[in-house]
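>>> Give the three-dimensional model of this entry:
(2 chains)
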Amino acid sequence: NAGVTQTPKFQVLKTGQSMTLQCAQDMNHNSMYWYRQDPGMGLRLIYYSASEGTTDKGEVPNGYNVSRLNKREFSLRLESAAPSQTSVYFCASLYGAMGNTEAFFGQGTRLTVV
Amino acid sequence: KNEVEQSPQNLTAQEGEFITINCSYSVGISALHWLQQHPGGGIVSLFMLSSGKKKHGRLIATINIQEKHSSLHITASHPRDSAVYICAVHSGNTPLVFGKGTRLSVIA
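Numbering: from 1, shown residues only, chains lettered A, B, ... in the order given. Presented below is the predicted three-dimensional model:
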């Protein structure tokens, strides 16, 4: 099925551990995004990639790194997890031109850092 | 940065009621998205609007570009409509900026 595939769905980390969240889309979209969702905060942009080979910081990039491996895949890495990074993470891709776009989301990763 | 405000934050309705959720934004946009998030977390796109009005089943979305405002209406609400409804906007190639969401509970 076409869409955005995000793994893992759940993860528990100890403070200081590292992990990579994987995201892949099979729709040939240029733009891919990583957001985090916290209670009462809405979705906030961590990093995005407007095209293969480019990445840019969003609103809350500290403590994260990203890699746009190819057009399909956009991974998010936590090098040294902290309890403040406990959140639900969503990968998304955006398709289309000005005024005619469609957004697709992964199923989310619920991350707990203890 | 575009500021996106949604109202109300929480909404409880009786089955069959007509529901309206509002979204306003601060800076001109090229598109506005209405999204639905069910318990369990998945987010699905309901509508993309750049002008006017769209209808899909019992859902209607409108946008007023001059007033920087959009509304999502649900007619004949049903308990299965219970979810968080999220408004998001973007301009050109900029990333989506999200509102905080409206939590809707429809009681049978």
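
>>> which residue ends up closest to the midpoint of chain A in space?
The centroid of chain A falls nearest to A:Trp34 when counting by C-alpha atoms, centre = their mean (2.6 Å).

>>> in what helix or strand does that residue lie?
Using DSSP states H and E, A:Trp34 maps to strand A:31-38.

>>> can you pull the buried residues of the lowest-mean-pLDDT helix or strand in chain A?
Lowest mean confidence among the helices and strands of chain A (mean pLDDT, DSSP states H and E): strand A:100-105, at a mean of 84. By neighbour count on 16 or more other C-beta atoms under 10 Å in any protein chain shown, the buried set for strand A:100-105 is A:Thr101, A:Ala103, A:Phe104, A:Phe105. Just so you know, the C-beta spots here come from the backbone N, C-alpha and C atoms, and that holds for glycine as well.

>>> which among the residues you listed gets closest to chain B?
When the buried residues of strand A:100-105 are compared for distance to chain B, the smallest value, 4.1 Å, is given by A:Phe105; criterion: C-beta to the nearest C-beta.

>>> Check the gap between that closest one and A:Gln25 for me.
Shown here: A:Phe105 relative to A:Gln25, a distance of 10 Å by C-beta to C-beta, to the nearest Å.

>>> Pull up the overlap in contacts between those two.
Both A:Phe105 and A:Gln25 are in contact with A:Val4, where contact means C-beta atoms under 8 Å, 6 or more residues apart in numbering or on different chains.

>>> and chain B, which residues reach chain A?
On the criterion C-beta under 8 Å from any C-beta of the partner chain, chain A has as its neighbours in chain B the residues B:1, B:4, B:30-31, B:33, B:35, B:41-45, B:48, B:50-51, B:86, B:88, B:90, B:92-93, B:95-101.

>>> Give me the PyMOL select line for those, limited to the buried ones.
A single PyMOL command suffices to select whichever of those are buried according to 16+ other C-beta under 10 Å:
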select buried, chain B and resi 4+30+31+33+35+41+43+45+48+86+88+90+95+96+97+98+99+100+101
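
>>> what's the helix or strand for A:Phe90?
A:Phe90 belongs to strand A:87-97 when elements are defined using DSSP H and E.

>>> That strand to strand A:100-105, inter-axis angle?
Calculated by axes from the mean of the first three to the mean of the last three C-alpha atoms, to 10 degrees, strand A:87-97 forms an angle of 150 degrees with strand A:100-105.

>>> Identify all contacting residues around strand A:87-97.
Contacts made with strand A:87-97 from outside it, assessed by C-beta under 8 Å, 6+ apart, are listed as A:4, A:6, A:21, A:23, A:25, A:27, A:29, A:31-38, A:43, A:46, A:74, A:76, A:101-106, A:108-111, B:41, B:43, B:90, B:95-96.

>>> That strand: partners in the sheet, and parallel or antiparallel?
Each strand paired with strand A:87-97, and its direction, by DSSP bridges: strand A:31-38 (antiparallel), strand A:100-105 (antiparallel), strand A:109-113 (antiparallel).
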